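I would like to see how this sequence folds:
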Amino acid sequence: MVYVKRKKSPPDIEILRAKAQAHCIEISSRSAEINEGREIPNDLIDPMISDGFFRLLVPISLGGFELDHIDFLNLLEIVSETDASVAWCLNQNNVLSTLSAFMPRPLAKYVWADPKVVLSNGQSTNAECISEGSGYQLNGTWHFSSGSRHAGWVVALTPVAGRKSNNNLPEMRNMLIPKDQVRLVDVWDVNGLKGTGSFSFEVKDLYVPEAKSFIEGRPPVESGPLYLIPKTLLFCSGFATIALGVARSAIDTLIEFSRSKTPQDQTNLKEQPFTHRGVGSAEAILRSARSYLRESANSIWESAVQDGEISMDNRINLRLSSTHAIRESLRVMDMVYTLGGSSVIFESSPIQRKFQDVRVISQQIQGRLSHYDTAGQYFLGLTPKDGRF
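Numbers count the residues shown, from 1 in each chain. This next block holds a predicted model:
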């Protein structure tokens, strides 16, 4: 199969950028509401859905934008500097929508016939399904279902009892379920990324027809280079971009804040030598991490477009640069938080919310320190113990 870079008119991405910036004006004014309500309000999310912001990575053949990877990260960066929860849902739900390029065409056309469709999913340790007639009997609970409150479908990845894949592991099958057929469980009592509404969902003795499921891990049925990039790498580079965007906005907020903040018995915060060094160091750390991430993302995209495959070097670098970006964003946030003093400890402070958001991002699988180990094993000529690339 030959992978050809899709040609599109340059104004496409510029129009999307302009729309993203317009949405961010309203999102910014209601960021506290998003945080307190633990969801993106319908009157904010619906216009974004209508403008196609949850079809950014869906194939053109199904009515999506099929954006280049770098263009997608650029849009994500714009939103992340405004609100981490909205950006998180954009990344999570858009990357999940790349399943549209892997599932049977009749199923994909059925799901994406709805112009407002949004998918959500989750992780499970107790899910099981049993083949029954022309479908499956499904039971289980899935956690961290970001954007579940505005999604129309959930995707439940589940092992099929008694079936093995080609590598002798359990066959994993994606079950597509209308959201009204599952029970949402509110467990989202957290201090960061509150607005993602990452509830759990559960099903009990639910029958899922064969036609509403497909095997995970099969090659894409679409030929676009985007679908050569593993979902794990799309997820991690997107979440790393969000972490960087939040840290970027935190520095900018501190700079604005420093013009009026006066520490006790001292001159204006902006005039303090420790502020000068702190802001300078934070800028250097953040810009370096962003450069490494963008260099890795560009390399993997060029590899997909020009070679029709992605080398292990490129996979390792994108994983490493993504983890590093998240960890360095956390480091920057700690610096900003310290410089802000007691004024930033209140829930009303934007820096407090950003601080909590980045801490939660760093706790996710994409920010695990073990990814440094994986990269180190590869660079040392060893076989990485984590093969999820």
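
spit out the contact partners of the residue most central in space within the chain.
Centroid-nearest residue in the chain, with C-alpha atoms, centre = their mean: N91, separated by 3.4 Å. Neighbour list for N91: 76, 235, 238-239, 241-242 [criterion: C-beta atoms under 8 Å, 6 or more residues apart in numbering]. Backbone N, C-alpha and C define where each C-beta goes, glycine included.

out of those residues, flag the one nearest to R294.
Compare each of these with R294 using C-beta to C-beta and the shortest gap goes to T241, at 9.0 Å.

count of neighbours near the closest one?
28 (other C-beta atoms under 10 Å).

check which helix or strand covers it.
Using DSSP states H and E, the secondary-structure element containing T241 is helix 231-258.

all helices for the chain, in order.
11-29, 31-37, 42-50, 69-80, 84-96, 105-111, 231-258, 273-307, 312-340, 350-363, 370-379 (DSSP state H).

domain ranges for the protein?
Under the assignment automatic domain parsing, the domains of the chain span 11-111, 119-215, 229-379.

could you tell me the end-to-end distance of the longest one?
To tie it back to what came earlier, the one meant is domain 229-379. End-to-end distance of domain 229-379 (C-alpha to C-alpha, to the nearest Å): 21 Å.

which one of the contacts of N91 sits closest to L228?
Lowest distance from L228 to those (C-beta to C-beta) belongs to F235, with 15.2 Å.

can I assume that closest one is in contact with V95?
Yes. Contact between F235 and V95 holds when scored by C-beta atoms under 8 Å: they sit 5.2 Å apart.

counting neighbours, go ahead and name the busier of those two.
Each of F235 and V95 had its neighbours counted (other C-beta under 10 Å), and the higher figure belongs to V95 (24 against 18).

skipping adjacent residues, who's closest to the more buried one in space?
With C-beta to C-beta, 6 or more residues apart in numbering as the measure, L234 is the residue that lies nearest to V95, at 4.5 Å, once sequence neighbours are left out.

ok, now which ones touch that neighbour?
When contacts are taken as C-beta under 8 Å, 6+ apart, L234 is in contact with 57, 69, 95, 98.

quick one: which of these has the most company?
Using other C-beta under 10 Å as the neighbour definition, those reach their maximum at L57, which records 28 neighbours.

wait, what's in contact with it?
The contact partners of L57, by C-beta under 8 Å, 6+ apart, come to 64-67, 72, 94-95, 97-98, 226, 234.

and of these, the nearest to S258?
If you rank the contacts of L57 by distance to S258 using C-beta to C-beta, F72 comes first, at 33.4 Å.

quick one: that closest one from K116, how far?
From F72 across to K116, the span is 20 Å (C-beta to C-beta, to the nearest Å).

tell me how many other residues surround S322.
Considering only other C-beta under 10 Å, S322 is surrounded by 28 other residues.

what do you get for Y292?
The tally of other residues near Y292 (other C-beta under 10 Å) stands at 19.

you'd agree it is up against R319?
No. The pair Y292 / R319 is not scored as a contact, 11.8 Å apart, by C-beta under 8 Å.

pLDDT score for the spatially closest residue to L75 that is not a sequence neighbour?
Ranked by C-beta to C-beta, 6+ apart and with sequence neighbours excluded, the top spatial neighbour of L75 is A20, at 5.3 Å. At A20, the pLDDT value in this model is 97.

ok, A20 - contacts?
Applying C-beta under 8 Å, 6+ apart as the definition, the contact partners of A20 turn out to be 53, 75, 78-79.

follow-up on the earlier one: which among the contacts of L234 gets closest to T125?
V95 (21.7 Å).

quick check: the closest one touching C236?
No. Look at V95 against C236 with C-beta under 8 Å: they stay out of range, at 9.7 Å.

now the closest residue in space to I78 that isn't next to it in sequence: how far from G52?
If the residues on either side of it in the chain are set aside, I78 comes closest to A20, at 4.8 Å by C-beta to C-beta, 6+ apart. Between A20 and G52 the computed distance is 11 Å (C-beta to C-beta).
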